[in-house]
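# Let me see the structure of the following:
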Amino acid sequence: MSQGRLFEIVYLLLEKGKLSAPELAERFEVSVRTIYRDVDALSSAGVPIYAIPGRKGGVALMDHYVLSRAALSKEEQSQLLTALRSLSGTLGSDSEETLSKLSGLFHRQEPHWLEVDLSHWGGKGRDQLTFDLLRDAILSHKVITFTYAGSYGGPTARSVLPAKLVFKGQAWYLQGLCLDKQNYRTFKLSRIRDLTVTERTLSTPLSPPSIDGEAPPSCPTVRLILRCSPALAYRVYDEFEPEQVTALPDGSFRVEAEFPEDNWVYGYLLSFGPLAEVLEPERVRASLGELARQILFRCENPDIGCQGMGAIMGTSYSKEDATMTKENTAFCQSCSMPLTDDLRGSETDGSKSKHYCKYCYDKGKFTGDMTMEQMIDFCAPLMAKASPGMTEADAREQMGKFFPQLLRWRRSEG
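Coordinates of the predicted model:
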């Protein structure tokens, strides 16, 4: 008779409540007769186990039975205490009380050698409140609402049935069923604001996909080769796998990694400042350089008015004749298109317009009588086509944020 099998039968019944003798026999690859002998042996040892005859019968434990500490080895007791200690940073003060009770039950006082705190520096109070709200919402199947800053445009209101919290890489994520999209979505916790747990409950069974497999097929990836200064060693080690990094003789690093080719990647590359260089592919290198020039131009000309940098970030400037510089580049103050000399519209005297492209403005007049919303409807498909991973809805939402700042539409509002 296997002592290990006896203990595992008790564990299973504590977890499942009741199992049939054939189910137990199949699991342990023994006969049903052997299972009944095991039941007798457990009963003789003082475990309140019993068998229920009949078609709907089975093997079960008496209600409120608690497994004795003797059922756990000293090593298992230590592992349990260590696991609970590692979770104390996310479970709050309740975990300390549980640790104290278990230590007393096991007559063990484990050294406090491990502490895990996954909150931001200086943000423990806020993060703990967020964890508590989300944990309660997940366990009670309550719908939550919040404002979320996605990759495109400004914040949007979301309504979600939360499924689980995931720590991945260097950040916490929430996976849940987005009630607006009727599909699973992953939200980065640092981008969530105004979190509210509603009283609305849904009993929908939740089974979110693996967070690793959630990259949308509509978002292509690009393999980048970067050269990083020795001063970036801390970020290279933090953000890339060892097999992606090659240390060069001069102390710099060569990094080869796959990235989603969307607006985010340009912001990420810019975060390295002048300490990282894109070696390949050339089109990303050119686009990043163009974006840097646009940022310089924007800083030197704060009255430009257009915040539509996302349009440039999503556009690949791979043409050889794309010679926009800070001296000759602006934005059309009607459609936000990058404005070069050959694209400028004309005034009544034939001079070139300072503010508008030739498609929007000719001979001192706008070429079309339209509202800002109609202009957005026209431009959104073009922006989406030029921006990998962006949908027309994303483009329309982003344009709705920055078009009101363009000169044409500011004037019409006045």
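# tell me the contacts of the closest residue to residue 171 other than its chain neighbours?
Nearest non-adjacent residue to residue 171, counting by CB to CB, 6 or more residues apart in numbering: residue 188, 5.8 Å away. Quick note: C-beta positions are derived from backbone N, CA and C, even for glycine. Taking CB atoms under 8 Å, 6 or more residues apart in numbering, we find residue 188 in contact with 171, 172, 173.
# What score does the second one have for pLDDT?
It stands for residue 172. Listed pLDDT for residue 172 reads 85.
# Tell me the secondary structure of residue 225, please.
Judged by DSSP: H, G, I helix; E, B strand; the rest coil, the three-state class of residue 225 is strand.
# re the thing from before, if we look at the sheet, which residues does the residue nearest to residue 171 bridge to?
When bridges are called by DSSP bridges, residue 188 pairs up with residue 173.
# got it, and residue 256?
residue 225.
# pretty sure it contacts residue 223?
Yes - with contacts counted by CB atoms under 8 Å, residue 256 reaches residue 223, the gap being 6.7 Å.
# Common neighbours of the two, please.
With CB under 8 Å, 6+ apart, residue 256 and residue 223 have no common neighbours.
# These two: which is more packed in?
Just comparing residue 256 and residue 223: by other CB atoms under 10 Å the higher neighbour count belongs to residue 256, 15 against 12.
# Against residue 246, how distant is that one?
Separation of residue 256 from residue 246 (CB to CB, to the nearest Å) stands at 8 Å.
# ok, which stretches of the stretch 1-150 of the chain are helices?
3-16, 21-28, 32-44, 74-86, 88-91, 94-106, 124-140 (DSSP state H, counting those that start in this stretch).
# Comparing those, which yields the minimum mean pLDDT?
Of all the helices of the stretch 1-150 of the chain, the minimum mean pLDDT falls on helix 88-91 (a mean of 53).
# How many residues are close by residue 334?
Residue 334: 26 neighbours (other CB under 10 Å).
# what sits against the nearest residue to it once chain neighbours are set aside?
Of all residues not flanking residue 334 in the chain, residue 360 sits nearest, at 3.9 Å (CB to CB, 6+ apart). Going by CB under 8 Å, 6+ apart, residue 360 touches 332, 334, 335, 345, 366, 367, 368, 408.
# which among the residues you listed end up buried?
Applying 16 or more other CB atoms under 10 Å to those, the neighbour count classes 332, 334, 335, 345, 408 as buried.
# thinking the second one is in contact with residue 408, fair?
This means residue 334. Yes - taking contacts as CB under 8 Å, residue 334 lies within contact range of residue 408: 4.4 Å.
# Just give me the neighbour total for residue 221.
Neighbour number of residue 221 under other CB under 10 Å is 15.
# distance of it from residue 280?
Separation of residue 221 from residue 280 (CB to CB): 14 Å.
# Just to be sure, residue 293 is in a helix?
Yes - assessed with three-state DSSP, residue 293 lies in a helix.
# my guess is residue 13 meets residue 62, correct?
No - the pair residue 13 / residue 62 is not scored as a contact, 10.2 Å apart, by CB under 8 Å.
# what do those two both touch?
Listed contacts common to residue 13 and residue 62 are residue 49; contacts here mean CB under 8 Å, 6+ apart.
# higher neighbour count, those two?
residue 13 (20 against 9).
# In helices, which of the buried ones among the contacts of residue 360 appear?
Mapping the buried ones among the contacts of residue 360 onto helices (DSSP state H) picks out residue 408.
# Check the buried ones among the contacts of residue 360 against residue 161 and report the nearest one.
residue 335 (39.6 Å; CB to CB).
# how about that closest one, phi and psi?
phi -120, psi -10 (degrees, to the nearest 10).
# any idea of the pLDDT on it?
87.
# Test my guess that it contacts residue 355.
No - when contacts are counted by CB under 8 Å, residue 335 is not listed as touching residue 355 (11.3 Å).
# those helices in the stretch 201-350 of the chain, which residues are they?
Under DSSP H, counting those that start in this stretch, the stretch 201-350 of the chain gives helices at 233-239, 263-270, 282-300, 309-313.
# Could you identify which of the ones you listed is most buried?
Comparing the helices of the stretch 201-350 of the chain by mean neighbour count (mean count of other CB atoms under 10 Å), helix 309-313 ranks first with a mean of 22.
# what mean pLDDT would you report for stretch 271-281?
When pLDDT is averaged over stretch 271-281, the result is 92.
# who are the neighbours in contact with residue 257?
Counted by CB under 8 Å, 6+ apart, residue 257 has contacts 223, 224, 226, 240, 244.
# What's the local residue count around the residue lying closest to residue 396 once chain neighbours are set aside?
Distance criterion CB to CB, 6+ apart; nearest residue to residue 396, sequence neighbours excluded, is residue 380 at 4.3 Å. Look at residue 380: counted by other CB under 10 Å, it has 21 neighbours.
# name the element residue 380 belongs to?
helix 372-386 (DSSP states H and E).
# So which elements touch that helix?
Judged by 3 or more CB pairs under 8 Å, 6 or more residues apart in numbering; DSSP states H and E, the packing partners of helix 372-386 are helix 392-402, helix 407-413.
# about what we covered before: OK, contacts around the residue nearest to residue 396?
Counting by CB under 8 Å, 6+ apart, residue 380 has contacts 392, 395, 396, 399.
# can you check residue 200 too?
Going by CB under 8 Å, 6+ apart, the list of residues near residue 200 reads 142, 143.
# Can you pull out the low-pLDDT segments for the stretch 201-350 of the chain?
213-219, 298, 300-329 (pLDDT under 70).
# now do 90
Scanning the stretch 201-350 of the chain for pLDDT under 90 picks out 203-222, 234-235, 237-242, 259-267, 274, 283, 286-343.
# joint contacts of residue 334 and residue 408?
Counting by CB under 8 Å, 6+ apart, the contacts common to residue 334 and residue 408 are 355, 356, 360, 366.
# Closest one to residue 35 out of those, please.
Looking across these and measuring by CB to CB, the closest to residue 35 is residue 360, at 81.1 Å.
# tell me the phi and psi of the closest one?
phi -100, psi -20.
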